[in-house]
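In: Using only what follows, build the 3D model:
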Amino acid sequence: MLLEYVEEALRRARYEIIEDEEPFYGEVRELRGVWATGKTLEECREELREVIDEWVVFRLQEGLRVPTLGKQRIPTLRGAKTHA
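Out: Numbers count the residues shown, from 1 in each chain. Sure thing, here's the model as predicted:
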């Protein structure tokens, strides 16, 4: 379930080149605060994968809702907070 969710998030990621030591920037706009940088596109993508995974785990630990991405959803625990 988590793996499929992360893969769907990566499919939705948008990348751009920025002026920085790590010029590749990627984000998943549907997941607030999820972004990463890297020296190469692949490095950026791998960093973004880790950020997504950690973001989901954090939200679940805090009882926060994890947004549905297409058909991929991660059920929240009972008593989850509904704010994003």
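In: Skipping its backbone neighbours, what lies nearest residue 12 in space?
Out: Closest residue to residue 12 in three dimensions, ignoring its sequence neighbours and counting by C-beta to C-beta, 6 or more residues apart in numbering: residue 28, at 5.5 Å. (C-beta placed from N, C-alpha, C; glycine too.)
In: go on, residue 29?
Out: residue 14 (6.8 Å).
In: Correct me if wrong: the one you found contacts residue 27.
Out: Yes. At 6.1 Å, residue 14 and residue 27 qualify as touching, with contact defined as C-beta atoms under 8 Å.
In: Who has more neighbours out of these two?
Out: Set residue 14 next to residue 27 and count neighbours by other C-beta atoms under 10 Å: residue 27 wins out with 19 against 10.
In: which residues touch the closest residue to that one other than its chain neighbours?
Out: Spatial nearest neighbour of residue 27, chain neighbours left out: residue 35 (4.0 Å); criterion: C-beta to C-beta, 6+ apart. If you count contacts by C-beta atoms under 8 Å, 6 or more residues apart in numbering, residue 35 has them with 25-28, 48, 51.
In: list the contacts for residue 49?
Out: Taking C-beta under 8 Å, 6+ apart as the test, what residue 49 contacts is 6, 10.
In: Residue 20 now?
Out: Counted by C-beta under 8 Å, 6+ apart, residue 20 has contacts residue 37.
In: That one: what secondary structure?
Out: coil (DSSP: H, G, I helix; E, B strand; the rest coil).
In: Now do the SS call for residue 25.
Out: Assignment for residue 25 (three-state DSSP): strand.
In: Check the gap between it and residue 35 for me.
Out: Per C-beta to C-beta, to the nearest Å, residue 25 is found 7 Å from residue 35.
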